[in-house]
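Asks: Got a sequence here, can you model it:
(2 chains)
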Amino acid sequence: MKWEIVIGLETHAQLNTRSKMFSGASTAFGAAPNTQACGVDIALPGVLPVANREAVAKAVRFGLAVNGNSPANINRRSIFARKNYFYPDLPKGYQISQYETPIVKGGSVPIVVDGREKTVRLTRAHLEEDAGKSLHEGFHDLTGIDLNRAGTPLLEIVSEPDMRSAQEAVAYAKALHALVRWIDICDGNMQEGSFRCDANVSVRRAGSEKLGTRCEIKNLNSFRFLERAIEIEARRQIEILEDGGKIEQETRLYDADRDETRSMRTKEDAHDYRYFPDPDLLPLEVSDAWVGEIRSSMPELPNMVREKFVSRGIPNYQAGLLTSSREMAEYAEAACTGMKSAVLPDLANWLTGPLSGKLNEEKLEITESRVSPKQLQALEERIDDGTLTNKLAREVFDAMWAGEGDVDAIIAKRGLKQISDSGELERICDQAIAANAQQVADYKGGKDKAFNSLVGQVMKLTKGKANPQQVTEILKRKLSG
Amino acid sequence: MHNSTIKSLAAGLASRAYSSVELTQHFLNRIKGLGEKYHAFITLNPEASLKQARAADSMRSAGRGQPLTGIPIAQKDIFCAKGWLTTCGSRMLSNFTSPYDAHVVERLDAAGAVTLGKTNMDEFAMGSSNETSYYGPVRNPWDVNTVPGGSSGGSAAAVAARLAPGAIGTDTGGSIRQPAALSGICGLKPTYGVVSRYGMVAFASSLDQGGPLARSAEDLALLLNVMAGFDPRDSTSLEREREDYTRELGTRVKGLRIGLPEEFFAKGASPDVVRAVEAAVGEFRKLGCETVEVSLPNMKLSVPVYYVLAPAEASSNLARFDGVRYGYRAPEYTDILDLYKKSRAQGFGQEVKRRILIGTYVLSHGYYDAYYIQAQRVRRLIARDFAEVFKRCDVIMGPTSPTTAFRVGEKMGDPVQMYLNDIYTIPANLAGLPGLSVPCGFDAKGLPVGLQMIGNYFAEAKMLGIAHQFQQATDWHTRMPPGIQ
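Replies: Numbering: from 1, shown residues only, chains lettered A, B, ... in the order given. As a prediction, the model looks like this:
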């Protein structure tokens, strides 16, 4: 019997504002515990929240970005509500969130999995504040409380249960991750918890319309864990159902060390959060004029940029890679500008291949690339005009990366110019034929492989500088006689 | 000196008849002598008060004196004041020294007013008799066997007993006006949003409003001039142009239309109270006012609506008192849940716990619509009733409280009876309207009766003018409790 996995994600993106959602304290990460928590954050008696305008603007940016820049899905009037529960790192005894009326309703995020395009619909996105942190290590049976994070603005993005595999869920999470960074509302740092996902997972018989009972898996702070947790949770549920059991609706925690999910709390002991509108905050109103202002400051969205790259001849897959971040897209745009379209696919290869490899190797951002778009263009031109073979180009690229200067200077300094002088190549080919009588005989006897060996000999004699097409032509001509 | 109004004390300070240090010391001496008797103060800090008095004297001699510069003002212990114990009348905050100033405290400080001390109050402002205070009940200066009203009972008693020329309080369901009435002084609850709530320990956020208590309408205006004003730290604070609340003190009331809601004079109000209020209304007629019979048909639902909404908000507002970061923590506990339970069980008093339970209940899943949402709907109906009435009259008048001061202990066993004390004051809070109480006579036992005036939004200056005209024609507000010298 076939099973279908149904997944919806709730993603918390920490908004990259300077101050907190409802207080003026700094949001910078990594400060000494409780040094970035003001009276509002530690919930002194009598303090009051004031909504952070910048955080609201960023939520609006998101709303626009997931709706093709149309403001139709931005609620002009949304309501902050209190979610009441006791926890030591929740200073007020309630979290200010949005419940019945969020700032963003609907929208969608396009994803590509195995070359197939798909759209994941969003239910909503709402503003809320983060809690502090409970520190369980190093306090000898006590728990430490760090309230630096308390009050940090979050955008909780809720998807519809539109994903059907762990791969789709990861593709969606990655697309969302790229998007929030693209529109500059979140730094996307998953280690620091700036972007984290909870997954709602259920399974059903293939072909069934009815959703199965879902479990929510918390604590997924990497794409790898997200994928893994969904896979093993789905397997767990399928096993239970195949054994004739029933799935209990519950919240489960993914334990990466043991590679399992385990129950945190069941539906029975779920909190009654007693949501009600926060009387300390008026309804959040965003005017048409302000939304218009924000809209005019929006960058071109990744999908539009990708389509532009595709229309210029760059394959879809690579165009996707080039639009994985705004910085990468800007770099690619700069590298492509002024180049003839015939070389763009090759240029894209350089970006997604050697350049990305170097960046990964040295853990650098594209903005920190040691090779500039201009240098890359010069390299491409030398390949295109036949000065450099691909092999030589790679050597030049590495030299540029190492800081040896521009393309032509490196070619001159290292004497890397491709040999295309036919007289010289004829002479070297003769030399190779004379010295490799066995291979010549083999080739003539029908062993095609022997030909490659002869080309290799020529390359060796020229230290790789021979134009490979010319060598092939000359050798074939000479050996066919 | 202690029987003078703020207005005349300010004149005395301005003319150098006495210094703020002398004035402050005088009141501190009176509090020291009579403090035990009325139990109006929780915390005194003579050193801090006198330091402020010296600064005020310098301000005046430097020519920077303002009306309140050098005037000692008592503060309800619900206002956070930097360096002062701020208990809110609760064991829960019995060890809490505020690290910051409330907006109102900042403003008083900037005006050069002297903090005379922090006054006793019902615990977390929940009460109408000042008997729920962890620090024990306040006594009414008119009869120490009766209550001064609540929750700003300490502030009211201090002003009535001439222990302070003026005080600040808060009013969630009548907590300024009702104690003002029962203690024979004046009190004003401004329009919601006029006085910043920043630094006021929250009881019910959508209803809480700070305001002044004093012995004349004119003094209320002087105090409100300093207390009111936009504060960006309170999202419900209203950004309006600054007003001079004394500007209408001289305005004649001739031609004023006074609305008399039938519901304010129906059964429930004691005959003595009705008699005194009707006499006061008669006085206004003599001054050339018209009276109009009006009705607030949904007013009868005010108390039930209030006892859904206020506890709902309170149950959430008081969740921060968990024994984790500040305030009372139970000495022994086994784990975090136990710490919460014991700290809150021991730190909160009976009435506070009752309201937290009510509030938690009405917000709970399955009850929320029937209670909280329904109460919000009725709240809007009550506000609409007022809007209708204000088409036909300029202000509404009636009793502040159905009875005069009752005996200590008389209603503590019966919360519903206690809650009904606020039947006439709660509607203004629900609608966000300004309400004022001024003394207008006495009952057969010689206990003061309060006349309540409710105006339209932002009608404070006008209401203060009307009250001032009344006080020019009558002398109820100048009467002193027996035994006060």
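
Asks: Enumerate every residue touching A:Gln237.
Replies: A:Gln237 sits next to A:201-203, A:212, A:215, A:247 when contact means C-beta atoms under 8 Å, 6 or more residues apart in numbering or on different chains. Any C-beta I mention is one placed from the backbone N, CA and C, and that applies to glycine too.

Asks: same deal with A:Phe22?
Replies: For A:Phe22, the contacting residues are A:40, A:49-52, A:96, A:129, A:151, by C-beta under 8 Å, 6+ apart.

Asks: Only alpha carbons, please: show the helix or strand of chain B with the lowest mean pLDDT as PDB.
Replies: Least confident helix or strand, chain B: helix B:415-420 with a mean of 88, by mean pLDDT, DSSP states H and E. Included here for helix B:415-420 are C-alpha records, laid out as PDB according to Å, rounded to 0.1, in the frame of the first residue of the first chain:
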ATOM      1  CA  PRO B 415     -17.700  40.400  47.300                       C
ATOM      2  CA  VAL B 416     -20.900  41.100  45.300                       C
ATOM      3  CA  GLN B 417     -22.000  43.800  47.700                       C
ATOM      4  CA  MET B 418     -18.500  45.200  47.600                       C
ATOM      5  CA  TYR B 419     -18.600  45.200  43.800                       C
ATOM      6  CA  LEU B 420     -21.900  47.100  43.700                       C
END
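
Asks: same for the helix or strand that it is followed by, what does it pack against?
Replies: Sequence-wise, the next helix or strand beyond helix B:415-420 is helix B:426-431, with elements assigned using DSSP states H and E. Taking 3 or more C-beta pairs under 8 Å, 6 or more residues apart in numbering or on different chains; DSSP states H and E as the contact definition, the neighbouring helices and strands of helix B:426-431 are helix B:302-317, helix B:374-389.

Asks: coming back round to it: which one of the contacts of A:Phe22 has the most neighbours?
Replies: When neighbours are taken as other C-beta atoms under 10 Å in any protein chain shown, the top entry among the contacts of A:Phe22 is A:Gly151 (32 neighbours).

Asks: Got the phi and psi for that one?
Replies: Dihedral pair for A:Gly151: phi 90, psi 0, per degrees, to the nearest 10.

Asks: ok, the residue lying closest to it once chain neighbours are set aside - contacts?
Replies: In this structure, A:Gly151 finds its nearest non-sequential neighbour in A:Lys20, 3.8 Å apart by C-beta to C-beta, 6 or more residues apart in numbering or on different chains. By C-beta under 8 Å, 6+ apart, the residues touching A:Lys20 are A:26-27, A:40-41, A:52, A:129, A:151-153.

Asks: Quick check, pLDDT for B:Ile466.
Replies: For B:Ile466, the pLDDT comes out at 98.

Asks: Nearest to chain A within the stretch 301-450 of chain B, name that residue for me.
Replies: B:Ala319 (2.4 Å; C-beta to the nearest C-beta).

Asks: Let me know whether that residue touches A:Phe86 as I believe.
Replies: Yes: in terms of C-beta atoms under 8 Å, B:Ala319 counts as a neighbour of A:Phe86; the distance is 6.8 Å.

Asks: Now the common contact residues for these two.
Replies: With the criterion set as C-beta under 8 Å, 6+ apart, the overlap between the contacts of B:Ala319 and A:Phe86 is A:Gly93.

Asks: Return the residues of chain A in contact with chain B.
Replies: Neighbours of chain B within chain A, by C-beta under 8 Å from any C-beta of the partner chain: A:39, A:42-51, A:82, A:84, A:86, A:88, A:91-94, A:143, A:145, A:272, A:274-276, A:279-282.
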